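Visitor: A predicted structure for the sequence below; I have some questions about it.
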Amino acid sequence: MNLLQRLFPNIDDWAEIGRACIDTLLMLGGSMALTVAIGLPLGVLLYLTAPNQLRPMPKLYAITSLLVNILRSVPFIILMIVLMPVTYVLVGTKLGIRGAIPPLVIGAAPFFARLVETALREVQQGVIEASQAMGASLWQIVRHVLLPEARGGIFAGMTVTAIALVGYTAMGGAIGSGGLGDLAYRYGYLSYKSDYMLVTVVLLIVLVQLLQMIGDRVVARFGRH
Amino acid sequence: MALLSHCPEFHVIRFVDVHKSYHAGGRDIPALQRFNLDIADGEVFGIIGLSGAGKSTLIRLVNLLERPSGGQVFVDDVEMTALAEPALRAQRRRIGMIFQHFNLLASQTVADNVAFPIRLAGERRAAVVRQRVEELLARVGLADHADKYPSQLSGGQKQRVGIARALANRPSILLCDEATSALDPQTTASVLALLAQINRELKLTIVLITHEMDVVRRVCDRVAVLDGGAIVERGSVADVFLHPQHATTKRFVNEALPEESASAHVPYAQVPGRLLRLSFRGDATMTPALGRVARETGIDFNILAGRIDRIKDLPYGQLTLAMQGDRVDAALAALRQAGIEIEELPR
């Protein structure tokens, strides 16, 4: 304990850092689950309705695509502030983990949807044609051909998205969502306690490394054989 | 319909006034000119053409992967072109298809690839699926490879998986889209032998497209030659192969007969006598007719080129020779009598 005190003189409550870690993980887990739940179907929709694809719908594609691009082009910190009224309507608060999740999902889902779309486009056209020749319906093609064949790319996209979400959650700290970003901002930046900053940054690096490692393992296991 | 299918004249596939063009850049680009074509039950029908001749489009018109711009397509007397989406999907399950690049699911094992169409057709009982997959893999000689992934197989093995998958729902028709074009000659021979065996044992109608006359010669009963979106020649493989009429057909036949085309450079002009090409088919190949006729009529002949091979199961021989003597016409008549086809070649 002595050593810790000497190295980090300003940190008197390690439990607070522990709680911040848990908050970050909760925000990450919650927003990631919802991002996948919204982004995956959205990505499939983008893929299917694009010109020359299985169900070309030029107008629907143009609208979805524009919406996705708009949400992706607003920097997350601004998106978060702009979305505050929406967040309040959705979850009844603008603060804390609950208040952070709607903007995190709205920021990350379009990003993930594009990654899903790209992964689906990597699926060989011939495999899709073969399943059509076997009498597969559109839903069967999506469920049994497109998603399994693209799963390596989709898992890689999830890894990239999760890491982007770690960054977003840290930004959320600046406007009261809690977690490691909040800690770094309040103690590290506003109160010049740089040891807080150091610990937070190290923890974030460890988190990102872990996510990347897990992601790589999953891609290697379920990607192309 | 069950009654009809036993009739030898029954046509499983009929194209009636079918044509196809593509829209691109606001213009119509013709792919296939208006044609009629009947494919009989149980035959192996070859469609040969260079790339861009329209053969991939033609084969895809059978299961409506490509929709014709006009005309009707009938399969098993069902008008494919009139079917709504669900009925079309059901009909497609009765038509197997294999591809040049195999098109297997890379994320699934060999067994799951073969099980895929069975599951698509609604079979949920695992034991039924497993037993059918075992049967199919045994038929194509891959019983030991069930748990491998496609990337662990050779090209020939992948195509065998493709064939097993295509046969999974007991189709009446098998479409082969350049099925051997990505394979080496030895593997090609073994895949063609498998297709011929399936055709014999399962009474399956096979339609195959290729750019190699040798593929047609080895397995097909009839052939259509496509050139620039039009069928320029069609008939039994023996007729088309031994007596090609159209320039494109002649080119394909010459490619399959390297010796013959090489001998075209021999200066026949210096050879005395009448230049003749004799074609022997089936039993005529086995009789010593030429020697007998030469003795009887006292003519002399000089063999310039020749080969003996098989067209599917039919042995054939073709000899180019120069004949001289007083009674050449009598000799030719006697040879024709013996069932030998004779063409006089220009000097």
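Guide: Thanks, I have it.
Visitor: show me where chain B has strands.
Guide: Using DSSP state E, the strands of chain B run over residues B:11-24, B:27-40, B:44-49, B:70-75, B:78-79, B:95-99, B:173-177, B:205-210, B:222-227, B:230-236, B:274-281, B:300-311, B:314-324, B:341-344.
Visitor: Paired strands for the third one, with orientation please.
Guide: Spelled out, that is strand B:44-49. strand B:205-210 (parallel), strand B:222-227 (parallel) (DSSP bridges).
Visitor: burial count for the residue lying closest to residue B:67 once chain neighbours are set aside?
Guide: Spatial nearest neighbour of residue B:67, excluding adjacent residues (C-beta to C-beta, 6 or more residues apart in numbering or on different chains): residue B:81 at 7.5 Å. Where C-beta positions appear, they are placed from N, C-alpha and C, glycine not excepted. The number of residues packed around residue B:81, counting by other C-beta atoms under 10 Å in any protein chain shown, is 17.
Visitor: isn't residue B:81 right next to residue B:75, touching?
Guide: No. Taking contacts as C-beta atoms under 8 Å, residue B:81 lies outside contact range of residue B:75: 10.0 Å.
Visitor: quick one: the longest helix that chain A contains to chain centroid distance?
Guide: In chain A, with assignment by DSSP state H, the single longest helix is helix A:14-49. With C-alpha atoms, centre = their mean, to the nearest Å as the basis, helix A:14-49 stands 5 Å off its chain's centre.
Visitor: do stretch B:243-256 as well
Guide: Worked out by C-alpha atoms, centre = their mean, stretch B:243-256 lies 15 Å from the chain centre.
Visitor: Then stretch A:124-132?
Guide: The mean C-alpha position of stretch A:124-132 is separated from the chain mean by 30 Å, C-alpha atoms, centre = their mean.
Visitor: again, but for stretch A:88-104
Guide: 16 Å.
Visitor: Quote the end-to-end distance of that stretch.
Guide: For stretch A:88-104, the first-to-last residue distance is 14 Å (C-alpha to C-alpha, to the nearest Å).
Visitor: Low-confidence ranges, chain A, go.
Guide: A:1, A:224-225 (pLDDT under 70).
Visitor: on that earlier part again, tabulate the strands paired with strand B:44-49 in TSV, adding columns for mean neighbour count.
Guide: Shown next, in TSV, are the strands paired with strand B:44-49 (neighbours: other C-beta atoms under 10 Å in any protein chain shown):
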stretch	mean neighbour count
strand B:205-210	26
strand B:222-227	24
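Visitor: Can I get these in a markdown table including distance to residue A:114 and mean pLDDT?
Guide: Listed next are the strands paired with strand B:44-49 as a markdown table, based on distance: least, C-beta to C-beta, whole Å; pLDDT from 0 to 100:
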| stretch | distance to residue A:114 | mean pLDDT |
| --- | --- | --- |
| strand B:205-210 | 38 | 97 |
| strand B:222-227 | 42 | 96 |
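Visitor: so can I have TSV of the ones you listed showing distance to residue B:147?
Guide: What follows is those, written out as TSV (distance: least, C-beta to C-beta, whole Å):
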stretch	distance to residue B:147
strand B:205-210	29
strand B:222-227	40
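Visitor: My guess is residue B:310 contacts residue B:317. True?
Guide: No. Using C-beta under 8 Å, residue B:310 is not in contact with residue B:317; the gap is 10.3 Å.
Visitor: which bits of chain B sit near chain A?
Guide: Selection of chain B residues close to chain A by C-beta under 8 Å from any C-beta of the partner chain yields B:63, B:65, B:89-93, B:95, B:97, B:99, B:101, B:103-108, B:116-117, B:119-121, B:149-152, B:165, B:169, B:175.
Visitor: let's see it at 7 Å
Guide: B:63, B:65, B:89-90, B:92-93, B:97, B:99, B:101, B:103, B:105-108, B:116-117, B:120, B:149, B:151 (C-beta under 7 Å from any C-beta of the partner chain).
Visitor: quick revisit: for the longest helix of chain A, list every residue counted as buried.
Guide: Buried positions in helix A:14-49, judged by neighbour count with 16 or more other C-beta atoms under 10 Å in any protein chain shown: A:17, A:20-21, A:23-24, A:26-28, A:30-32, A:34-36, A:38-40, A:42-49.
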